[in-house]
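Peer 1: Take this sequence and fold it.
(chains A and B)
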Amino acid sequence: MAKDKKLVSEITSMDEDFAQWYTDICKKAELIEYTSVKGCMVIRPYGYAIWENMQRILDTTFKETGHENVCMPMFIPESLLQKEKDHVEGFAPEVAWVTHGGNEKLEDRLCVRPTSETLFCEHYANIVHSYRDLPKLYNQWVSVVRWEKTTRPFLRSREFLWQEGHTIHATAEEAIEETERMLNVYADFCEKSLAMPVIKGKKTESDKFAGAVSTYAIEALMHDGKALQAGTSHYFGDGFAKAFGIEYTDKENKRVNPHQTSWGVTTRLIGAVIMTHGDNSGLVLPPAVAPVQAVIVPIAQHKEGVLEKANELLDELKAAGIRVKLDDSENSPGWKFAEYEMKGVPVRIEIGPRDIEENQCIVAVRYNGEKKTVLLGDLAVYVKALLEKEIPEGMFNKAAENRANRTYACTTIEEINKSLEKGDGFVKAMWCGEEACEDEVKEKTGVGSRCIPFEQEQLSDKCVCCGKPAKCMVYWGKAY
RNA sequence: CGAGGUGUGGCUCAGUUUGGUAGAGUACUACGUUCGGGACGUAGGGGCCGCAGGUUCAAAUCCUGUCACCUCGACCA
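Peer 2: Got it, this is the predicted structure:
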């Protein structure tokens, strides 16, 4: 077991050292390891277990909403990728190509999927013939490859794990409803399971997915005031259907094109959790996705009765359905405290000779550092309540407060610049809808449009940039 | 791709200016003492000093080339 776990930098000196703080946590909490494959990373067991928990929760919801899991090939022939013009233009600069099979050169080279719309389309074209075949609600858990120039663990790597949902519907209304429904699934997951507040909204024209009619997104604000897109949901209209020749016969015996959606979240969510909740001592995990929800640290474990009692507590908490671990290694208690704080374990239970005499133990909460003495008889119920209610709610409120402190409502460019002097964050400002203004705001202030939130506010009736009548309020922010 | 920086035990680095036995901290192994916030002692193992050439009696150190990685800028879940 490696023991040098101290964080090199601290979050208090946020601006310069934030990136260092972030990568330190990724490595020291044993989430990842770098490899000889540039821009890719090993997700280690502890990091992968977080992802598995996210998968389990989301997949359960997908099943409840009627989706079926499938698996498409990893390769897409160039000819297939070419069929939808906007789509190929958007993805071409960042796809990896397979040019040879063994020693033979391929006639139609294959790209390693950057996303699977084209494959799903080909499949739909084969199986959708009648209105009775619709809708089809699919999802797949796979990895995709995008040849990024600069990479960062979880936030941007060349290969990443994700879930991509793809659905096809008879009508536009149905498809739009699905797009919004899945965005809400993501938002609920982020807010309830990850304790991370998000803004739900629509992307501007310039920022939408390649080939989409409209793109919806959830945006979260990180510790350092930068915005992170945590999930997307796209409505495609019938554009892909036309390009791929997907048609069905409706009730009136007419041939028509169906309407499609796709939506996805990725292992980036792990990065979002780190940067939303992490602190100077390391990672802070929301209980719902923490691989270990509670750790028992015995004090003076060589003394009689300590390990026996610790094991009793272990069994009791396990029986209560808590993911609990007893660390009976030879490391000192202080070392163990620091170790599990680094790894973000939500609850720590200390049990030593003094406690055993008093029939109690100490329960420490990771996210706020609070320690309490709890009678052994009450422990399981107490910890269960912490994990299910108090900790997730407390973490959410803390994150929401940070976001509120870093959200600025502005009516002029000058005001935006002045606000940002206090630190990066979300800027709320009115917009006329013109791309020129969107670009100008970014150029003059450094913040780009993140989304047009569903929850609109009327901050003023003029565009923050050109002063012409405003169409909507936009969230602006710096991206990673 | 444009600019800057760094390559030395697993990790963090010193040593390079001025060439002369390969260093420290930490981690690792063993034994003993410890144990309520990253314990201590003793002993031990571990290096083609990024790679390839060159100069020299002698190169981690000087010269040439090369590769890799990191940070900052444009694109991106």
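Peer 1: What strand or helix carries A:F62?
Peer 2: Taking DSSP states H and E as the definition, one finds A:F62 inside helix A:45-64.
Peer 1: Same question for A:V185.
Peer 2: Counting by DSSP H and E, A:V185 is found in helix A:172-188.
Peer 1: And for A:V292?
Peer 2: Applying DSSP H and E, one finds A:V292 in no helix or strand.
Peer 1: and what of the one 5 residues further on?
Peer 2: In this structure, A:V297 sits in strand A:294-298 according to DSSP H and E.
Peer 1: Name the strands paired with that strand and say parallel or antiparallel.
Peer 2: Sheet pairing here is set by DSSP bridges, and for strand A:294-298 it gives strand A:324-326 (parallel), strand A:347-351 (parallel).
Peer 1: Could you look up the next helix or strand downstream of it?
Peer 2: As assigned by DSSP H and E, the chain's next helix or strand after strand A:294-298 is helix A:306-319.
Peer 1: Now do that following helix, average pLDDT.
Peer 2: Helix A:306-319 comes out with an average pLDDT of 97.
Peer 1: thinking again about what came up before, I'd like to know which elements the following helix or strand past the helix holding A:F62 is packed against.
Peer 2: With elements assigned by DSSP H and E, the helix or strand that comes after helix A:45-64 is strand A:68-69. Here strand A:68-69 touches strand A:136-145, going by 3 or more CB pairs under 8 Å, 6 or more residues apart in numbering; DSSP states H and E. Glycine gets a C-beta too; all of them are placed from N, C-alpha and C.
Peer 1: So which bits of the strand it packs on are buried?
Peer 2: Buried residues in strand A:136-145, counted by 16 or more other CB atoms under 10 Å: A:136-141, A:144-145.
Peer 1: again, but for stretch A:27-46
Peer 2: Neighbour-count burial for stretch A:27-46, counted by 16+ other CB under 10 Å, picks out A:28-32, A:39, A:41, A:43, A:46.
Peer 1: So what touches the helix holding A:F62?
Peer 2: A:26, A:29-32, A:43, A:69, A:139, A:141, A:161, A:163, A:165, A:185, A:189, A:193, A:265, A:267, A:269-270, A:273, A:285, A:288-291, A:343 (CB atoms under 8 Å, 6 or more residues apart in numbering).
Peer 1: Just confirm yes or no for it near RNA strand B.
Peer 2: No. Applying CB under 7 Å from any atom of the strand, one finds helix A:45-64 separated from RNA strand B by no less than 11.8 Å.
Peer 1: Output the next helix or strand after the helix holding A:V185 as PDB, nothing but the C-alphas.
Peer 2: Later in the chain than helix A:172-188, the nearest helix or strand by DSSP H and E is strand A:199-202. This file holds the C-alpha atoms of strand A:199-202, laid out as PDB (Å, rounded to 0.1, in the frame of the first residue of the first chain):
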ATOM      1  CA  ILE A 199     -29.200  24.200 -14.600                       C
ATOM      2  CA  LYS A 200     -31.500  22.700 -17.200                       C
ATOM      3  CA  GLY A 201     -31.600  24.400 -20.500                       C
ATOM      4  CA  LYS A 202     -31.300  24.500 -24.200                       C
END
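Peer 1: got the contact list for strand A:199-202?
Peer 2: Here strand A:199-202 has contacts from A:183-184, A:187, A:214-220, A:426, A:450-455, A:475, using CB under 8 Å, 6+ apart.
Peer 1: State the distance from A:W21 to RNA strand B.
Peer 2: 11 Å (CB to the nearest atom of the strand, to the nearest Å).
Peer 1: List the buried residues of the host helix or strand of that residue.
Peer 2: Element membership for A:W21 (DSSP H and E) is helix A:14-28. Within helix A:14-28, the residues that count as buried by 16+ other CB under 10 Å are A:17-18, A:21-26, A:28.
Peer 1: would you turn those into TSV with pLDDT and distance to A:R323?
Peer 2: Shown next, in TSV, are the buried residues of helix A:14-28 (pLDDT from 0 to 100; distance: CB to CB, whole Å):
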residue	pLDDT	distance to A:R323
A:D17	69	32
A:F18	80	30
A:W21	83	27
A:Y22	86	25
A:T23	84	26
A:D24	85	25
A:I25	88	21
A:C26	89	21
A:K28	88	21
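Peer 1: Just name the closest of these to RNA strand B, please.
Peer 2: A:T23 (6.3 Å; CB to the nearest atom of the strand).
Peer 1: re earlier: tell me which two in the buried residues of helix A:14-28 are the farthest apart.
Peer 2: A:F18 and A:K28 (15.5 Å; CB to CB).
Peer 1: what's the burial count for the residue nearest to A:I127 when sequence neighbours are not counted?
Peer 2: In this structure, A:I127 finds its nearest non-sequential neighbour in A:D133, 6.6 Å apart by CB to CB, 6 or more residues apart in numbering. Neighbours of A:D133 under the rule other CB atoms under 10 Å: 15.
Peer 1: For A:D133, give me the pLDDT.
Peer 2: Looking at A:D133, the pLDDT reads 97.
Peer 1: Now do the phi/psi pair for it.
Peer 2: Phi and psi for A:D133, reported as degrees, to the nearest 10, are phi -80, psi -10.
Peer 1: Touching, it and A:D250? I think so.
Peer 2: No. The pair A:D133 / A:D250 is not scored as a contact, 11.3 Å apart, by CB atoms under 8 Å.
Peer 1: after the helix or strand hosting A:F91 comes which helix or strand?
Peer 2: Under the criterion of DSSP H and E, A:F91 resides in helix A:85-91. Helices and strands here follow DSSP H and E; after helix A:85-91, the next one along the chain is strand A:96-101.
Peer 1: who does that next one touch, helix- and strand-wise?
Peer 2: Secondary-structure packing of strand A:96-101 (3+ CB pairs under 8 Å, 6+ apart): strand A:104-112.
Peer 1: can you pull the buried residues of the strand it packs on?
Peer 2: A:110-112.
Peer 1: Repeat that for stretch A:286-302.
Peer 2: Buried, per 16+ other CB under 10 Å, within stretch A:286-302: A:286-299, A:301.
Peer 1: Which single one of those is nearest to A:E414?
Peer 2: Nearest to A:E414 out of the buried residues of stretch A:286-302 is A:P286 (CB to CB; 38.8 Å).
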